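>>> Turn this into a model:
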Amino acid sequence: MKFEIKSELDNRIRIRVAGGRLNYIYDQRLSYAIRQIKGVREVKVYRRTGGAAITFDLSVISKDELISALEALDYRAVWVPDDEFVDESKISLEEIKERRLTKGAKTKLREKIILETAADLFLPMPLQVGYHVYQLITLRDL
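This next block holds a predicted model:
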């Protein structure tokens, strides 16, 4: 596997997989494949960036051995057993209730709402339509 090392600590390494973003299946495969390396204690995969934070036990595996094992890894060909597959789409009502927006996210949301309201109030109808069509086109690219 091709990757870039983003940061290193004594027993933790953060990498970014070549190719960037991971879809849901590759996220599961990468996490499972890294967890199978002897000495790895914890893996957190970040789907949006294609990154992974790996915590490992130095008494079992050295940093150089871990890097060599990661280079030899082909996570795209790994099969994840059903009992290891984590379905993150199922979320409890309690978890939803506990989630709160950060102050920065609230500010961004407020600014977007004000911009939308201003565009709808003050722009002539043809410009409003053009503005909203532009938004739909850029939304599709996300």
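
>>> end-to-end on stretch 61-78?
End-to-end distance of stretch 61-78 (C-alpha to C-alpha, to the nearest Å): 22 Å.

>>> in it, what counts as buried?
Within stretch 61-78, the residues scored as buried using 16 or more other C-beta atoms under 10 Å are Ile61, Lys63, Leu66, Ala69, Leu70, Leu73, Tyr75, Val78. All C-beta spots, glycine's among them, are computed from the backbone N, C-alpha and C.

>>> which is the next helix or strand following the one helix or strand Ile15 maps to?
Counting by DSSP states H and E, the element that carries Ile15 is strand 12-17. Where DSSP H and E defines the elements, the next helix or strand beyond strand 12-17 is helix 24-35.

>>> Can you point out the buried residues in that following helix?
Buried, per 16+ other C-beta under 10 Å, within helix 24-35: Tyr26, Asp27, Gln28, Arg29, Leu30, Ser31, Tyr32, Ala33, Ile34.

>>> TSV for these, including distance to Met1 and pLDDT?
What follows is these, written out as TSV (distance: C-beta to C-beta, whole Å; pLDDT from 0 to 100):
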residue	distance to Met1	pLDDT
Tyr26	11	87
Asp27	14	87
Gln28	15	88
Arg29	11	89
Leu30	8	91
Ser31	13	90
Tyr32	13	91
Ala33	8	91
Ile34	10	93
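
>>> Is it possible to get TSV of those that adds distance to Glu111?
Below are the buried residues of helix 24-35 laid out as TSV (distance: C-beta to C-beta, whole Å):
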residue	distance to Glu111
Tyr26	34
Asp27	31
Gln28	35
Arg29	38
Leu30	35
Ser31	35
Tyr32	40
Ala33	41
Ile34	39
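
>>> Show residues contacting stretch 107-122.
Leu101, Gln128, Tyr131 (C-beta atoms under 8 Å, 6 or more residues apart in numbering).
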